[in-house]
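Novice: need coordinates for the below:
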Amino acid sequence: MKRYPTIGACGLDCGLCPRYYTAGPSRCPGCAGPDFASKHPSCSFITCCVKKRNLEVCGECPDFPCPKFKSEEEYQQVKESSSYPPYRKVMPNLNFIKEHGIEKFMPQQRRRIRLLERLIHGFDNGRSRSCYCRSAALLDPASLASALDAAVRRIKADHIKPDDVKTKAKILRGILDELASKEGMTR
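Specialist: The predicted model follows:
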């Protein structure tokens, strides 16, 4: 139904969510991706935005923001769960798309997804995926890439074995925590 299932009609970063990278029946296909209706049968954002208005995201709608949305301040205060991407990015994502278009938004989204995939494939100890997803969604992509490079250099300098994912994850998470702290945010 949508060209870009990695960005939700509502502005969520579906391609940066742990459930998007889960194997098995609980895997989420992204917004309006394959088999979406069986996993999320009633989504008012998709009904209005995608089905009725034939848009990709609400930020393309002339009525955005409509009453379906909370204020930006309310999104900042939403308690995040480990299963969903950060709500803090909903309004910034949609406002960017409204101002610049989805075609300008998607390259940065793809960059974040590529970085996240590197984090997951090289450093996921089975307990870090949610941390990496939040980092990919909230941190500046250039800073995230630098953190990843710093972790790789430290792993090499400390002679960590390639299959020692637990130590590799600990090193990367420490660097990400420091970066998030420096940028004044919690992941």
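
Novice: phi first, then psi, for the residue located most distally from the centre of the chain.
Specialist: Ranked by distance from the centre of the chain (Cα atoms, centre = their mean), the top residue is residue 159, with 31.3 Å. Phi and psi for residue 159, reported as degrees, to the nearest 10, are phi 60, psi 40.

Novice: do you know how far it is from residue 167?
Specialist: Going from residue 159 to residue 167 by Cβ to Cβ, to the nearest Å gives 11 Å. In short, each C-beta sits where N, CA and C put it, glycine included.

Novice: ok, residue 65 next?
Specialist: Separation of residue 65 from residue 167 (Cβ to Cβ) stands at 45 Å.

Novice: now swap in residue 54 and tell me
Specialist: Separation of residue 54 from residue 167 (Cβ to Cβ) stands at 50 Å.

Novice: go on, residue 101?
Specialist: In this structure, residue 101 and residue 167 are 43 Å apart, going by Cβ to Cβ.

Novice: same check, this time on residue 109
Specialist: In this view, residue 109 and residue 167 are 31 Å apart by Cβ to Cβ.

Novice: more crowded one of these two?
Specialist: For residue 109 versus residue 167, neighbours defined as other Cβ atoms under 10 Å are more numerous around residue 109 (19 against 14).

Novice: pull the residues that contact the helix or strand harbouring the more buried one.
Specialist: Using DSSP states H and E, residue 109 falls within helix 102-123. With contacts defined as Cβ atoms under 8 Å, 6 or more residues apart in numbering, helix 102-123 is touched by 4, 6-7, 13, 15-16, 21, 56-57, 59-60, 93, 96-97, 128-129, 132-133, 135-137, 141, 144-145, 148, 151, 165, 168-169, 172.
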